[in-house]
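>>> Build me a structure from this.
(one chain, ligands or ions: 2)
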Amino acid sequence: MYFFVTSRNNRKLRALKRHDRSKYHGPFHPDPNYQPERFRRGYEYPANVPRANTILPSGGLNPLDAKDLPNRNIRLVSLISDQPKSSTQSLMTKSSTTNTTSTTTTEPTTSSRRALPRVSTTKAAPSPKAPSGGGSKREPSKEGKSAPAKLPGGASLPLPTMKPSIRKKFIEDEIERIGIKLEEKPNTNHWEIAKDWLRVRSVYPQNHQGLGALMFAMTKTKIMKADILTRGTQLKMMFYLQGNQRAIFKPKRYEREHVIKGNAYDGYDRHNGEIASFHLDRILNFRRAPIVVGRKINLEIEILPVATQRLKDTFKKKNGNTCFYGQCYYCKETELACGHGEIMEGSLTLWLADTFTLEKVRHPYQRTYRDDKTAKWETDPDYCSVYVKPNPPYDKGVRFLDLIDMAIFDFIIGNADRHHYEVWADQPESMIILLDNAKSFGNPHHDELSILAPVAQCCLLRKSTFDRLVELKGGLMTKMLIEATRTDPISPILHKKHIEAINRRMPIIFQTLTKCVQENGRDAVIVESWKRPES
Ligand SMILES: Nc1ncnc2c1ncn2[C@@H]1O[C@H](COP(=O)(O)OP(=O)(O)OP(=O)(O)O)[C@@H](O)[C@H]1O
Ligand SMILES: [Mn+2]
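Ligands and ions are numbered 1, 2, ... in the order given. Next up is the predicted model:
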């Protein structure tokens, strides 16, 4: 009898839940309550719908909401300023100012121990002393190294800087180096070259002149066959290029200035984000992302004649434009991707050679993709030390530091959708391959701090990444990004608001690291390698 009542109640509860469509909007559908209509990834959350509050509101506040909240006049003081600051320096410093141009607001907290900082940035949060020209104004000492910035508690986070003249030359060289000439190089097997490049810890080499020729080939080579790609949840096509090379085509869905509102993982893929991310991967010298170019295709001439029947079946005309909807988890006839007439812009990602096998791993900082449910990492400040650090594959080797690198990368590009990542199977030293970066550059007015959770909680960073970030600070990263993408066939790749967003996010990374250094000491945070200490 008891069982009967309970199961009937459960049934009722389940039925109730089924009608409550306000919850699930993630990529998976683990339960029967899933309602795809409402929370397709292409769906943008209406502004007037109240959202359930989580302890951590996805790591950031919408700047537009900040004015409604009390006691948020808190100014973020940069810790990477060039002169040592007084003890008012802290990641979040309470300020009595009512200055509305204050770039950052944060909710006051009684405890310094919380899962994540809640900071939201409305517009460029300049590091006060960071010059826009990319150089550093810090007075160099005789060796060209600056005095370390002293922090409260005696810790320091030295940011080595170059002599202004050396820095100037460095900037020029870096900008020169990162530009790519897309030029034809006939009688070359570009695909074979890309295959030879593939390593356990890199996809392509640094500064290889073959890259421009390979990318040129990607933009021009005849498409021999076009098919759907059912893998993943987003609309895309699989192309087979002449010479037996596969490539993924992600269609343009938004104009450059479009802002994706709502959750940081909302919206369709951004093809330009996929391109910009590849170049950022080059700039950071990670070389862990597949090679991507922009390409405009003629759907009627280049695709339909070589399309498989199952892809052709999803083609439609709308308002005189050729469109398709493909076949994937979120693909449906009413959500067409349309060309401009017959021409469709998109990104083309080179398929990785089969030298190694991909293995998919669940990201330890995976989101719940639900408003009513927080993941453990969002509320537990010890999540990293208890659940990540001590356990394989993060307890030794390169994986853990790769995870942190990826968090930095994703924070810069604004990708909050890294629910899984991929590595080479059976290769313990494998890199985390930065596959699928298209959920990026959605909202340039919002910095999704929760993406930095692995950095803020684990307080570890590979030294080479730290050094590179220091080199790129002060605007060099974005200068290089603009130069790197300038020759892409569908350039400009990013709207200037996104460039501004990157410049704003860099100091936030340094602030997060500084807080780590304050608490743990520099040597424990910036490391060459990491291994779980013997207990
Ligand atoms: N360049 C590539 N080389 C080899 N395999 C790839 C490549 N790009 C994607 N894949 C494979 O296809 C899968 C789906 O691709 P991708 O992640 O870009 O699609 P998606 O629809 O965005 O997926 P999701 O919805 O899970 O984010 C990847 O997880 C990977 O296994
Ligand atoms: Mn994706």
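
>>> I'd like to know how many residues surround the closest residue to Lys473 other than its chain neighbours.
Excluding the flanking residues, the one nearest Lys473 by CB to CB, 6 or more residues apart in numbering is Met506, at 5.5 Å. Heads up, the C-betas are built off the backbone N, CA and C, glycines and all. For Met506, the count of nearby residues is 24 (other CB atoms under 10 Å).

>>> Mind listing what's buried along stretch 378-395?
Within stretch 378-395, the residues that count as buried by 16 or more other CB atoms under 10 Å are 378, 380-381, 383-384, 388-389, 394.

>>> same deal with stretch 188-196?
For stretch 188-196, by 16+ other CB under 10 Å, it's 190-191, 193-194.

>>> before we move on, back to that, can you tell me which of the buried residues of stretch 378-395 are in helices?
378, 383 (DSSP state H).

>>> Include pLDDT when you put the buried residues of stretch 378-395 into JSON lines, please.
Shown next, in JSON lines, are the buried residues of stretch 378-395 (pLDDT from 0 to 100):
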{"residue": "Glu378", "pLDDT": "96"}
{"residue": "Asp380", "pLDDT": "96"}
{"residue": "Pro381", "pLDDT": "93"}
{"residue": "Tyr383", "pLDDT": "97"}
{"residue": "Cys384", "pLDDT": "97"}
{"residue": "Val388", "pLDDT": "97"}
{"residue": "Lys389", "pLDDT": "95"}
{"residue": "Tyr394", "pLDDT": "96"}
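
>>> I'd like to know which of the buried residues of stretch 378-395 is nearest to Arg287.
Tyr394 (22.0 Å; CB to CB).

>>> from memory the closest one sits against Val388, does it?
Yes: using CB atoms under 8 Å, Tyr394 is in contact with Val388, at 5.2 Å.

>>> Name the residues contacting each of those two.
Taking CB atoms under 8 Å, 6 or more residues apart in numbering as the contact rule, Tyr394 and Val388 both touch 364, 400, 403.

>>> can you give me the helices for the stretch 301-450 of the chain?
Per DSSP state H, counting those that start in this stretch, the stretch 301-450 of the chain carries helices over the ranges 309-312, 376-379, 383, 399-413.

>>> do the same with the stretch 101-250 of the chain
164-178, 190-197, 210-220.

>>> for the ones you listed, which one ends up most surrounded?
Mean neighbours per residue, mean count of other CB atoms under 10 Å, is largest over the helices of the stretch 101-250 of the chain for helix 210-220, with a mean of 20.

>>> Quick one: residues in contact with that one.
180-185, 188, 190-191, 193-194, 204, 241, 247, 291, 293-295, 348, 350, 489.

>>> What's the separation between Arg504 and Ser430?
Look at Arg504 and Ser430: by CB to CB, to the nearest Å, they are 33 Å apart.

>>> Equivalent analysis for His498, please.
According to CB to CB, His498 and Ser430 sit 30 Å apart.

>>> again with Ile297
Using CB to CB, Ile297 is found at 33 Å from Ser430.

>>> One more: Arg256?
Counting by CB to CB, the gap from Arg256 to Ser430 is 35 Å.

>>> More neighbours: those two, which one.
Ser430 (23 against 16).

>>> what's the nearest residue to Glu174 if we skip its chain neighbours?
Nearest residue to Glu174, sequence neighbours excluded (CB to CB, 6+ apart): Met480, at 5.9 Å.

>>> Please report the distance of Pro444 from Glu302.
Pro444 is 32 Å from Glu302, by CB to CB.

>>> So for the one residue sitting closest to the centre of the chain, what's the nearest residue that isn't a sequence neighbour?
Nearest to the geometric centre of the chain sits Asp410, at 2.5 Å (CA atoms, centre = their mean). The spatial neighbour of Asp410 that comes closest, neighbours along the chain excluded (CB to CB, 6+ apart), is Ile451 at 5.0 Å.

>>> just checking, the one you found is part of a helix?
Yes: Ile451: assigned to a helix according to DSSP: H, G, I helix; E, B strand; the rest coil.

>>> How is this structure partitioned into domains?
177-350, 358-527 (automatic domain parsing).

>>> closest one to ligand 1 among the ones you listed?
With CB to the nearest ligand atom, the closest approach to ligand 1 among the domains of the chain belongs to domain 177-350: 2.2 Å.

>>> Just checking the distance from the closest one to the centre of its chain.
Relative to its chain's centre, domain 177-350 lies at 18 Å (CA atoms, centre = their mean, to the nearest Å).

>>> is it anywhere near ligand 1?
Yes: counting by CB under 6 Å from any ligand atom, ligand 1 is contacted by domain 177-350 at 231-234, 248, 290, 349.

>>> Look at that domain and report the distance between its end residues.
Domain 177-350 has an end-to-end distance of 22 Å (criterion: CA to CA, to the nearest Å).

>>> Show me the contact partners of the one helix or strand Glu483 maps to.
Glu483 is located in helix 476-485, with elements delineated by DSSP states H and E. For helix 476-485, contacts defined as CB under 8 Å, 6+ apart pick out 134, 171, 174-175, 178-180, 275-276, 279-280, 282-283, 412, 472, 491-494, 499, 502-503, 506.

>>> and if we set it to 7 Å?
Helix 476-485 is contacted from outside by 134, 171, 174-175, 178-180, 275-276, 279-280, 282-283, 491, 493, 499, 502-503, 506, using CB atoms under 7 Å, 6 or more residues apart in numbering.

>>> is it true that Glu359 touches His420?
No: using CB atoms under 7 Å, Glu359 is not in contact with His420, being 10.1 Å away.

>>> What's the separation between Tyr387 and Trp424?
24 Å.

>>> same thing with Leu476?
31 Å.

>>> next one: Phe239
24 Å.
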